[in-house]
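*Asks:* could you work out the structure for the sequence below:
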Amino acid sequence: MPELPEVETTVAGLRSVLEGAVLARVEPRRADLRFPIPVDLRQRLTGATVTALTRRAKYGLIATDRGDMMIFHLGMSGRWRVDPTEIGTHDHLILETGAGRLLALNDPRRFGSVDLVRSDAWEAYSPFTRMGPEPLGPDFDATALARALEGKATSIKAALLDQRIVAGLGNIYVCEALNMAGIAPTRAAGKISRPRLTLLVDAIREVLAAAIVAGGSTLRDYARPDGELGYFSKQWRVYGREGEICPCGGTVQRRVDGGRSTFFCPKCQK
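*Replies:* Reported below is the predicted structural model:
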């Protein structure tokens with residue numbers, strides 16, 4: 001699944017095409033993805049000018065001068081294709097600008113979503129009301145994390161994947177950040193000391209920032225809007241590297257928790 005860096009990279013790619021552009025054509029090519037596509041999407045967005053593109057957690061936000069905001073989620077395999085030579089079976093939403101640029105939301109598994117809200121009320125969008133702070137934002141620090149984890153017996157990995165604790169983190173980058181901070185994924189979240197939480201916050205920020213600079217992680221289905229695959233996967237410390245050597249010299253191990261693979265090093269993660 002595309003995670004925060006992939007969505008950030010996607011939004012940056014879309015911004016270069018859409019910001020300031022008029023949406024001359026808005027064409028949903030099916031009635032739904034994971035959820036129904038708003039029936040008035042075409043009517044409300046056609047002819048509008050895109051004023052801003054931003055991100056919240058793993059969602060992309062496209063604002064217009066009409067006070068409408070389209071919110072998209074890439075699901076398991078979604079991606080935006082820029083100026084495709086032909087429209088494919090899995091291109092479920094087409095946007096064309098007044099300058100003739102073409103964007104196609106491609107989602108073979110249809111686990112993504114497209115929604116439409118008023119720009120001045122986007123924070124009240126249902127998935128956002130339950131989310132914690134952005135991991136790259138000013139509200140996420142060791143104090144805030146300690147407060148959110150207080151009294152929690154669940155593992156630190158499970159806690160970090162809880163979007164109510166911190167928004168936008170996924171399996172890949174949680175594994176990487178925990179390794180960088182030297183914290184075992186199974187350690188009780190509420191029993192981690194403040195100094196170690198400071199290291200963890202710094203590690204989360206560092207691993208996400210590095211992935212964004214690198215263009216996101218190369219997964220089976222993920223590509224940036226320009227068609228290029230990200231290459232942060234080449235820099236992974238532990239994720240997907242079972243049996244290989246950790247930067248500390250230990251051996252990376254894998255375990256399965258709740259159907260997800262957890263990669264870690266028992267030598268340096270305590």
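*Asks:* for the stretch 151-270 of the chain, which segments count as strands?
*Replies:* Using DSSP state E, counting those that start in this stretch, the strands found in the stretch 151-270 of the chain span residues 253-257, 260-264.
*Asks:* so which of the ones you listed is nearest Thr198?
*Replies:* Minimum separation from Thr198 across the strands of the stretch 151-270 of the chain (Cβ to Cβ) falls at strand 260-264, 20.1 Å. Glycine gets a C-beta too; all of them are placed from N, C-alpha and C.
*Asks:* may I have the closest one as CSV, with CA atoms only?
*Replies:* In CSV, the C-alpha atoms belonging to strand 260-264 read as follows (Å, rounded to 0.1, in the frame of the first residue of the first chain):
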residue,chain,number,x,y,z
ARG,A,260,1.6,-8.1,8.7
SER,A,261,5.3,-8.9,8.4
THR,A,262,7.5,-7.2,11.0
PHE,A,263,11.2,-6.9,10.2
PHE,A,264,13.6,-6.2,13.1
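*Asks:* strand partners (parallel or antiparallel) of that strand?
*Replies:* strand 253-257 (antiparallel) (DSSP bridges).
*Asks:* and the average pLDDT for the partner strand is what?
*Replies:* The pLDDT scores in strand 253-257 average 95.
*Asks:* what are the buried residues along that strand?
*Replies:* Going by neighbour count (16 or more other Cβ atoms under 10 Å), the buried part of strand 253-257 is Gln253.
*Asks:* export the strands of the stretch 151-270 of the chain to a markdown table and append columns for distance to Ile37.
*Replies:* Converted to a markdown table, the strands of the stretch 151-270 of the chain look like this (distance: least, Cβ to Cβ, whole Å):
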| stretch | distance to Ile37 |
| --- | --- |
| strand 253-257 | 34 |
| strand 260-264 | 29 |
